[in-house]
Structures are given as C-alpha cells and as structure tokens.
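Asks: What shape does this take:
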Amino acid sequence: MNTPPSRRSWEKHWFEEPPERLHRVLFDHVERIEQDQAYVARYHEYYSEVYSGRETHRWASPGAHFDPRRVSVNDNLVKQLIDSAQSIVARDLPRVKVLSSGGSFSDQRKARGLTKFLDGEMEHKKVRRITPEAFRSMGIVGTGGVKVFGRHGRLCVERVNMDDVVVKEDDCIAGSSPREIHHRVVMDVRAACRKFPEHTDAILSSMNRRSYGAGWRIPHDKVVMIESYRLRDDPQESGVYALVCEQETLDHAAWDHDWIPFEFQRWETPLNNGWYGAGIAEETVDLQILVNHLNKKVRMGHDLIVNPSVYVEVGSRTLAEQWTNRIGGFRFFRGQQPFIHTPTAFGPETYNYIERLRQLGQERLGISRMTSQGFVPPGVQSGAAVREYRAVESGRWAEKSAANDDFFKRIALLMIRATKELVSEGHTPMTKARLARNLVQEIPWADVDLDEDRFVLTVETSSLFALSPSARMEKVQEWRAAGHIDKEEFLALSGNPDLERWSSRAQAPHELTEMVVEQLENLEQLVPEPHWPLQLLQKNVAEAYMRAQLTRDFPEEIADNYDRFLSLVNHQIKKLTAPPPSANPAMGAPPPPEQFAQQQDPAAGLAAVMGGASGPMAQG
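Replies: Take a look at the predicted model:
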C-alpha cells in the first residue's frame, strides 16, 4: 500500500501544534503565505505611490520604486477622486440603532439604552473618524479594515493597516470569508515586557530579527508579533487564538466564537477566488497615466517653446540695451517697429483632452462637479434644487452608502461582542452618553445587556447639513405646518431646537402603555390614574389582550388581570367624560352612590370599583 507523501513543514496546520513549537511554525506559515502572495504587497505598494503622487520611473510597471529626487505629480487625479468619494461617504453620519425583536417593554428599554451605549462608545473611540480612514484605505488598495478588542478592561477600536493583515486567498472560494486571519503587530519592547513579564528574555531576543512587511526593517526599539485567529471547523471543537513573537509563544487559548474581531469593507469584491478587493486607484490609474504623460509633454513644451521673443529687422538701429522692465521708458528705433511674439506650445485639443480625462474619472465613479469642485450648475439656486441635484448623485452611490451602513452595523455588533468578552473576564464596562448639550448620562453595561437573538441593528443616516441650526429650525417649521406642535412648543423650540428631547417627550404616552402591558402580564395589580392617556391606554391594552388570547395556553389569571384593568380604564373614562350633576337636585332625593362615596372619601369610590386591588401603583 502506497503511503501519501508527507507534507512540508510550512503546510502543517499551525493550530494543531503545541505551544512550545507554535511560534516557529506560525512565523514560517505567515512568511510562506506572504511569499506566495507577493503580488499583494506589490499591489499595495504601487497604488500607495499612485495616491501619494510621487512619480515612478514607469507608471505602467506595478511595484517600481520611485526616485525621491523626482518632483511630485502636480495633477493627482487618483487622489482627487478618492478624497471626493470619501467626502461623499463622510457627508452622512450613520447612527446604529438597536431594536428589540418581539420583546417586552424591558427589552425595548434595554434596546434604547444599548443604542445610547453604542453612541457613547463610538464617540469616545472616535469611530466616525476611523471609518473614513478605513474608506480611504479601501479606495487606495481596495480593502479597509477595523479591529475591535478589549484592552485593560476597556473597549478599543483601531484602524487596521492592510499591509499587516495576512489572509490566504486560496482558502477564500468565490470571495468567502476566511477561516483564519493573521495580524502583524508591532509593539514597543518596553510595553511588551510589561504586558508579558514572564517572556522578557524571549521578547528582547526577538528584537529586530526579521523584516517587517514588504522588506522594511523595524526600528530597534520595536518587536514584531503575530496575532492569529482560527475559527473552529466543527461545532464540537474549538478554534485557536495565538500571540507569538519569533522566539516564544506569548499567549495561546481556545477561540470558541464564530467571529473574528476584524471587519473589512471592499470597493469591489473579487468575482472569483480571492479575498483582497480592488480600489478606486486601480479603476482610474489608466487615466492618471495618460494625464501624467500629457502633463509632462505640456511642461516640456512650455519650457522649450512658450517663451516671448522680440523680432527686430536686420539693419534697424534698435539697441538691445533699451529693452528693460522699466515702466514708461522710451524706445528708439529706425526702420520697421520690433515685433513681440509669444508662440503656443500645443493646440486647444490637447488641453481639452486633459480636462476630458479628469471628467471621465468623475463619471466613472458618479461624482458630480458640485462635490469635487464646489461647482453649482446654472439655474440651481434654491435649497430644494440643490437637494434634488444631490439626490441624482446619491442614487449613483446608493450601493456604496448601503455597504457603508452595513459596515457600521458590523462594527457595532463587534463592539457588543467585545464588551461581553470584557464582562466574562470580570470587568464592569460602562460609558457616558451625551443626551443633550449639557446633559451626560452614565450607562452601565449591566443595565443594557441583551442577547443577540433578542435585538436587531438598524442604521439611521443623518446628514451633516441636517445637524446645523438652520436645518433643525427648518424641521421645526415643518412640524408646525403639519400641526404636530402648537404655537407654544414652536416658540420653545425656536430658541434651542433640541429635536431629540422633544421626540422622546412626545413618545412618552406610547412608552407608558408598553410598560403597563408588560406589568399586567407579570400579574401586577395596576390602577389607571386620571392624568394617563386613557383613550390610548384603552386601545393599546385591548389590542395586547386580544393578541394574547390568540396564543395557546394563555393563563387565565393574566386574562383576568387584563379584564380587571380594562374595566377600571372604562370606568375612569366614563367618570371624566360624564356631565356634571344638576346644581338643584330634587328636594329629599339621596345623592348618587359615587358622589356619596367621594364626599366621604375621594378614594373610596375607586377602591370599591377596583375590588380590593393592591400594588405599588394602586396606592396612588
């Protein structure tokens, strides 16, 4: 029987190795992947040079090193397009909102608190500044990433340099997610020794031993580490997490999650096998090559040809010393007058072609001149016309905007998962969320913790222009015209249009009814109060009662509690809407029972109808 040939050392499964040998196998494994995928490093290097604007010897040869003595590109079309695309995406500020999925009022309250928790953490961790940087990386090299993790008991969000992320593209069939990701981490030696004091000797001996990335040497006070994640292949098994330096394994643990703490976005996803995306630079580099070629010829033509010349007739007695830059001077000549000529280097077709190449790049990406140059077309004067003009551009960017919103949702989900990991390690995370201009609320994680199957994430996109005072005032005027607010509320909001505070106050009646429904299902004995929205309460509680009756095995005691509360609500409505009693009752006629009870004890009439109800709200 023929035995299969043994695999080479670099082909061994690194996650199956014991910790004492893991660091050697893992470093060799990552290095071999980088050697097999050397085109990725050349791709990143070349398009980074294109974006930076430094001229190379041959623009059409990827990976050619630039000469720092050469001048920079004076018409960087690729950088202009990437920056314009980044401004379009950054113009909208995605806000992740947590919605409970068929939950009770407690789940809804936790979902609202979790939304504020995410708002506070994203503000403190500057997520809305990190994501545009990841988008710019996506435009340059095709892929941008963010890492979410816990450090010293706190949540951290960082942008990932794509040169430090190593993924084996052969394992990503048809652009599928990788099963393992390797992240090269460059850490200060002193910080690494403080974090891993038992591995100090190994860390010091690993300093400056290998090259970093695409052949660059690391500084003498840094050490290269590799942090690797491997997802489990079987539900009964566990994945692997490892952090190694070149000389020793620093950390090794089981990874029992179905996710890796990285999120990536791509400008164009690969259609076949592969993982790294294609960026805006790759899509428009051909235009940049043509623009550079034409600009170089135009510059040479201007240097050689476009020089003013003075033509003097032979035999004329005009002295050359008379030609100075003095204003108002006298020039003496005899014979024909001297002729000054400034030639044109190229015809208008050349300059028009260069301008056409710039417009072609914008047309490829769907960027308007208003965004790239601040140009407003003739006739677009009013705010409504400007919004409609922007809507045409937004339609071209609908897919990219949806992908950016989804990227924010995935980051928010990673933040929730990383916070749960901190709790499992014994930490007590909390954050501070800004509710208004001068109002900050502390939100402990224990008050907003929800399981993933009990909520869904949505994105509310608010424009930068919608945050301005004039835009908020325009919204208040729309509410006033639609009749949503009265004159007093309009005057109150005109000074400081805090729309969020007013919206939360307007939703208070609906939130009260949700709270009442939940307490009734918990068999709490409630009594409606006169200042409650009784009509809305009657409608919503009756609908919840009917919805509960449609379910199987509906407890009879909950049905009795619903019935009792609805009877009290109906009685309260009749009591408040009943006409006042006659001022002159008949001589000797006894007062009605309700009026007699109220004369003796104002709460006796309600207590008699309540039928002995008790509870914290019944005492009111």
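Asks: only C-alpha atoms for contact and neighbour calcs from this point on.
Replies: Noted.
Asks: Just the CA atoms of stretch 142-157, as CSV, please.
Replies: Taking Å, rounded to 0.1, in the frame of the first residue of the first chain, the C-alpha atoms of stretch 142-157 are listed here in CSV:
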residue,chain,number,x,y,z
GLY,A,142,-9.2,48.0,-2.4
THR,A,143,-9.7,46.9,1.2
GLY,A,144,-10.1,48.8,4.5
GLY,A,145,-10.4,47.3,8.0
VAL,A,146,-11.2,48.0,11.6
LYS,A,147,-10.3,45.9,14.7
VAL,A,148,-12.4,45.9,17.8
PHE,A,149,-10.9,44.4,21.0
GLY,A,150,-10.6,44.9,24.7
ARG,A,151,-7.5,46.3,26.4
HIS,A,152,-7.1,46.9,30.2
GLY,A,153,-10.8,46.4,30.7
ARG,A,154,-11.8,48.9,28.1
LEU,A,155,-13.1,48.7,24.6
CYS,A,156,-10.8,49.7,21.8
VAL,A,157,-11.4,50.4,18.1
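Asks: for it, what is the average pLDDT?
Replies: What stretch 142-157 shows for mean pLDDT is 92.
Asks: give me the low-pLDDT residue ranges for the stretch 501-620 of the chain?
Replies: Within the stretch 501-620 of the chain, the stretches with pLDDT under 70 are 501-507, 551-553, 581-620.
Asks: show me where it has strands.
Replies: With DSSP state E, counting those that start in this stretch, there are no strands along the stretch 501-620 of the chain.
Asks: and what of the stretch 101-250 of the chain?
Replies: Counting by DSSP E, counting those that start in this stretch, the strands of the stretch 101-250 of the chain are 143-151, 154-160, 165-166, 180-188, 211-212, 216-217, 222-230, 239-244, 249-255.
Asks: Just checking: what are the partner strands of the third one?
Replies: Strand 165-166 has its sheet partners listed here by DSSP bridges as strand 180-188 (antiparallel).
Asks: so how far is the strand it pairs with off the chain centroid?
Replies: Offset of strand 180-188 from its chain centre (CA atoms, centre = their mean, to the nearest Å): 23 Å.
Asks: one step back: with respect to Leu357, which of the strands of the stretch 101-250 of the chain lies nearest?
Replies: Set against Leu357 and scored by CA to CA, the strands of the stretch 101-250 of the chain come closest in strand 143-151, at 25.5 Å.
Asks: Could I have the CA atoms of stretch 570-580 written out in PDB?
Replies: Presented in PDB, the C-alpha positions along stretch 570-580 are these (Å, rounded to 0.1, in the frame of the first residue of the first chain):
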ATOM      1  CA  ASN A 570     -63.500  52.300  31.100                       C
ATOM      2  CA  HIS A 571     -64.800  53.500  34.500                       C
ATOM      3  CA  GLN A 572     -62.200  56.200  34.600                       C
ATOM      4  CA  ILE A 573     -63.100  57.400  31.100                       C
ATOM      5  CA  LYS A 574     -66.800  57.500  31.900                       C
ATOM      6  CA  LYS A 575     -66.100  59.300  35.100                       C
ATOM      7  CA  LEU A 576     -64.100  62.000  33.400                       C
ATOM      8  CA  THR A 577     -66.500  62.400  30.500                       C
ATOM      9  CA  ALA A 578     -69.700  62.300  32.500                       C
ATOM     10  CA  PRO A 579     -71.800  65.500  32.600                       C
ATOM     11  CA  PRO A 580     -71.700  67.400  35.900                       C
END
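Asks: Only the buried residues of that stretch, if you could.
Replies: Within stretch 570-580, the residues that count as buried by 16 or more other CA atoms under 10 Å are 571-573.
Asks: Including distance to Leu204, could those go into CSV?
Replies: Output for those, formatted as CSV (distance: CA to CA, whole Å):
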residue, distance to Leu204
His571, 81
Gln572, 79
Ile573, 79
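Asks: Okay then, goodbye and thanks.
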